[in-house]
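Participant: here's my sequence, what's the structure:
(2 chains)
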2 protein chains.
Amino acid sequence: MPAALRNDTFLRACLRQPTSYTPLWLMRQAGRYLPEYRATRARAGSFMGLATDPGYATEVTLQPLERYALDAAILFSDILTVPDAMGLGLSFAEGEGPRFAHPLRDEAAVAALQVPDMQRLRYVFDAVTSIRRALDGRVPLIGFSGSPWTLACYMVEGAGSDDYRLVKSMLYARPDLLHRILDINAQAVAAYLNAQIDAGAQAVMVFDSWGGVLADGAFQRFSLAYTRRVVAALQREKEGQRIPVIVFTKGGGPWLDEIAGGGADVVGLDWTMGLGRARAAVGSRVALQGNLDPNVLFAPPEAVAREAVAVLDAFGPPQRADGTWDGHVFNLGHGISQHTPPEHVAALVEAVHAHSRRQRAGVQVDPALPGNLIPSRDGPGAARS
Amino acid sequence: MPAALRNDTFLRACLRQPTSYTPLWLMRQAGRYLPEYRATRARAGSFMGLATDPGYATEVTLQPLERYALDAAILFSDILTVPDAMGLGLSFAEGEGPRFAHPLRDEAAVAALQVPDMQRLRYVFDAVTSIRRALDGRVPLIGFSGSPWTLACYMVEGAGSDDYRLVKSMLYARPDLLHRILDINAQAVAAYLNAQIDAGAQAVMVFDSWGGVLADGAFQRFSLAYTRRVVAALQREKEGQRIPVIVFTKGGGPWLDEIAGGGADVVGLDWTMGLGRARAAVGSRVALQGNLDPNVLFAPPEAVAREAVAVLDAFGPPQRADGTWDGHVFNLGHGISQHTPPEHVAALVEAVHAHSRRQRAGVQVDPALPGNLIPSRDGPGAARS
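Facilitator: Model prediction:
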């Protein structure tokens, strides 16, 4: 029996329920900008050494929570675990990013592709269970996967790319091959996320990191259509608790309306889309997550606070005039940079919690609502060293 | 006295006047994908050897016109000529992209920055005059510059960047320094484009290649505001002919409405923004330019033609029900890749001209309108080897 959740602000915001402040977490919050992360990684020997060991994965997942009053934890893993389990041979060369030994470059390779046995990803589900136990109800745990399209980019290119020439050549020249890859990816991602939920993930996020490189029309057919399939196949409730689904399409601003209709509870936004306009566009269909430019964190703490306030004010107070609530989960618009000074993150967390409480001043929140007014050592404003 | 223009379809589309087909040109149409370009560059010794020699610049500017029935020529140059003239020391290392020897990294460097003497850019204006003479009225010549913000990115970073960390740090930490750079850049870019117009450019384009990396709010203050200043300072008519101004913001989809209100005649779009939605958003305020994904050109000619038709159909027939015309200039959504097979470009040009004529079937175009129905060796459908 898992511990009761002591801070459910994140889940409530995802589900557009009242909250006493705007919850925040940061994409890649467990990462290289933290010296304690670098120390653990050095012990683990490599990135995959970290990610495949549930003990290490648990340790680094919790590190940012020890420093900052973050409102959610996110599984420490990589989006490329799924294609690795498909046999593509993932490796991380030092300072070079991911690389696949066996990218999908011809018809035979595509024909041979199969949904992997989820047992090959057992280390991920074990990490989820271990992290969930270590969190002990402190904040919710988010599981995640790359989107079918984003995985396909890496699977065809074999590595990161500036222009996505190979995967786009396949898209335009042999769409049948790409559709086959995407179909298998969608099945695999759905099974992968459902297994994370079974293992204890309390929300899941689909990272469509490269959806924004597609042309209008192609995005809908080759990215969004398959993300929708994944979302439709997910279990959305467990032990009486709704499991929110977040879909984040980097560069997806032009398609916000269509993404918001894709079945997710929350749509993640990068920093190019103003939150006020986005909120007006999605109405009460979904909550929004985002969208501070991670580069703001290089500025001094006062500037960080000012920009955080600007993001909160762009969204506005989440309660509508009719008394219903919209949801805003504060986040960066992309992963935090490894060069970020850790003390600037503290300034961000403080500013988001303080200003979002001010935004709600005068707004009546039922103190009986779970998670809203429960003093907790993990809540905002708690003393930290 | 310059030769009369024999094909003014491009200028007419920019100004939302009737045309008998949709004109096209391609960003970076004179470039490395053409073997004849590579041969000239080898003779010139380097990229800057090409760009600073009006004879070579003329030669390569005209090369794509010899192969394809393109409706405009664009000055062969680089967006970094202006900061180079400011004394930042531009060089192109083989296979590495541009680099500045003296990037703007501190207050003293910013304080010392000045609008350069346009005489230092004489080689550009001489190239414009030389190209204009060589074109001899065949198609119009487009001059261009980087936007103040895009130039500032390179000037502060010192080279290309993945994350724009240095220039964004300046933006958030020392906006006063960045505003000074942008102010000087705006003055320099306006003077530079006006001198190109004086030398013979018949349209000018501002490339805001990195506007799309900015956050909402920052884009308006640090990019669009300065592009507007440039546009407002340009001479818009010469010898009784309107000089169209094109503004292209890569990734600018979320701000299309504001960009369209910035004073340009034409707004360039990348491939993420559907042309139908964009046309509805800008109404009859501006013409649109774009927006095929350059990666389409890696697909076989039939697929290239199909995707070109899809772009034209997304815009729709340019004549409105009330008899007025909207303008569409076909282009890629970004520069053509050096890996593009040249014969695929031929398929693109053919498809755009043929299908856009079909789109106008039944639409009456006054045969007396200049440029519309004049048979020309440069017009679409002319025999080419």
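Participant: in chain A, spot the helix with the most residues.
Facilitator: The longest helix of chain A (DSSP state H) is helix A:175-199.
Participant: what's the following helix or strand after that helix?
Facilitator: strand A:203-208 (DSSP states H and E).
Participant: and the helix or strand that that next one is followed by, does that touch chain B?
Facilitator: Note on strand A:203-208: by DSSP H and E, the next helix or strand toward the C-terminus is helix A:218. Yes: applying C-beta under 8 Å from any C-beta of the partner chain, one finds helix A:218 in contact with chain B at A:A218. Heads up, the C-betas are built off the backbone N, CA and C, glycines and all.
Participant: now do the longest helix of chain A against strand A:203-208, angle only.
Facilitator: 160 degrees (axes from the mean of the first three to the mean of the last three C-alpha atoms, to 10 degrees).
Participant: would you indicate which residues of helix A:175-199 are buried?
Facilitator: Neighbour-count burial for helix A:175-199, with 16 or more other C-beta atoms under 10 Å in any protein chain shown as criterion, is recorded at A:175, A:177-182, A:184-197, A:199.
Participant: show me where chain A has strands.
Facilitator: Remark: strands assigned in chain A by DSSP state E are A:73-74, A:90-93, A:97-100, A:141-146, A:203-208, A:237-238, A:241-242, A:245-249, A:266-268, A:287-292, A:328-332.
Participant: that older thread, what mean pLDDT does the longest helix of chain A have?
Facilitator: Mean per-residue pLDDT for helix A:175-199: 98.
Participant: check contacts around the closest residue to A:H179 other than its chain neighbours.
Facilitator: Distance criterion C-beta to C-beta, 6 or more residues apart in numbering or on different chains; nearest residue to A:H179, sequence neighbours excluded, is A:F222 at 7.8 Å. Residues counted as contacts of A:F222 (C-beta atoms under 8 Å, 6 or more residues apart in numbering or on different chains) are A:W149, A:L171, A:P175, A:L178, A:H179, A:L182, A:L214.
Participant: which regions of chain A sit below the pLDDT cut-off?
Facilitator: Where chain A drops to pLDDT under 70, the residues are A:1, A:362-385.
Participant: any idea how far the residue nearest to A:H179 is from chain B?
Facilitator: Going from A:F222 to chain B by C-beta to the nearest C-beta, to the nearest Å gives 12 Å.
Participant: check A:R67 too.
Facilitator: In terms of C-beta to the nearest C-beta, A:R67 sits 22 Å off from chain B.
Participant: ok, that residue - contacts?
Facilitator: A:L34, A:P342, A:V345, A:A346, A:R384.
Participant: how many neighbours does the fourth one have?
Facilitator: Right, A:A346. Counted with other C-beta atoms under 10 Å in any protein chain shown, residues neighbouring A:A346 total 16.
Participant: nearest spatial neighbour of it, skipping sequence neighbours?
Facilitator: In space, A:A346 comes closest to A:Y68 once its chain neighbours are excluded; the distance is 6.1 Å by C-beta to C-beta, 6+ apart.
Participant: surely A:Y21 meets A:F10?
Facilitator: No: with contact defined as C-beta atoms under 8 Å, A:Y21 does not reach A:F10; the gap is 10.9 Å.
Participant: with neighbour numbers in mind, choose between the two.
Facilitator: With neighbours defined as other C-beta under 10 Å, A:Y21 and A:F10 compare such that A:F10 has more, 30 against 24.
Participant: residues in contact with the more buried one?
Facilitator: Residues in contact with A:F10 (C-beta under 8 Å, 6+ apart) are A:P23, A:W25, A:D71, A:A72, A:V139, A:P140, A:A203, A:V329.
Participant: can you check A:V296 too?
Facilitator: By C-beta under 8 Å, 6+ apart, A:V296 lies in contact with A:A303, A:V304, A:E307, A:A308, B:K168, B:Y172, B:A215.
Participant: name the nearest residue to the second one, ignoring sequence neighbours.
Facilitator: Residue nearest to A:V304 in three dimensions, not counting chain neighbours: A:A347, with 4.7 Å by C-beta to C-beta, 6+ apart.
Participant: cool, the third one as well?
Facilitator: Counting by C-beta to C-beta, 6+ apart, A:V296 is the residue found nearest to A:E307 once chain neighbours are left out, at 4.5 Å.
Participant: what's the answer for the first one, then?
Facilitator: The shortest distance from A:A303 to any non-neighbouring residue, by C-beta to C-beta, 6+ apart, is to B:Y172 (5.0 Å).
Participant: so how many other residues sit close to the one you found?
Facilitator: 21.
Participant: circling back to that earlier point, my read: the residue nearest to A:A346 touches A:E343, true?
Facilitator: No: look at A:Y68 against A:E343 with C-beta under 8 Å: they stay out of range, at 10.4 Å.
Participant: which of those two has more neighbours?
Facilitator: A:Y68 (20 against 10).
Participant: got the contact list for that one?
Facilitator: Neighbouring residues of A:Y68 by C-beta under 8 Å, 6+ apart: A:Q29, A:V345, A:A346, A:V349, A:R384.
Participant: A:I74 too?
Facilitator: Neighbour list for A:I74: A:W25, A:M27, A:Q29, A:A30, A:T61, A:L141, A:I142, A:G143, A:F144, A:M205 [criterion: C-beta under 8 Å, 6+ apart].
Participant: let's have the residues you listed in JSON lines, adding distance to chain B.
Facilitator: Listed next are the contacts of A:I74 as JSON lines, based on distance: C-beta to the nearest C-beta, whole Å:
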{"residue": "A:W25", "distance to chain B": "19"}
{"residue": "A:M27", "distance to chain B": "14"}
{"residue": "A:Q29", "distance to chain B": "17"}
{"residue": "A:A30", "distance to chain B": "19"}
{"residue": "A:T61", "distance to chain B": "24"}
{"residue": "A:L141", "distance to chain B": "28"}
{"residue": "A:I142", "distance to chain B": "24"}
{"residue": "A:G143", "distance to chain B": "27"}
{"residue": "A:F144", "distance to chain B": "22"}
{"residue": "A:M205", "distance to chain B": "21"}
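Participant: brilliant, that's me finished.
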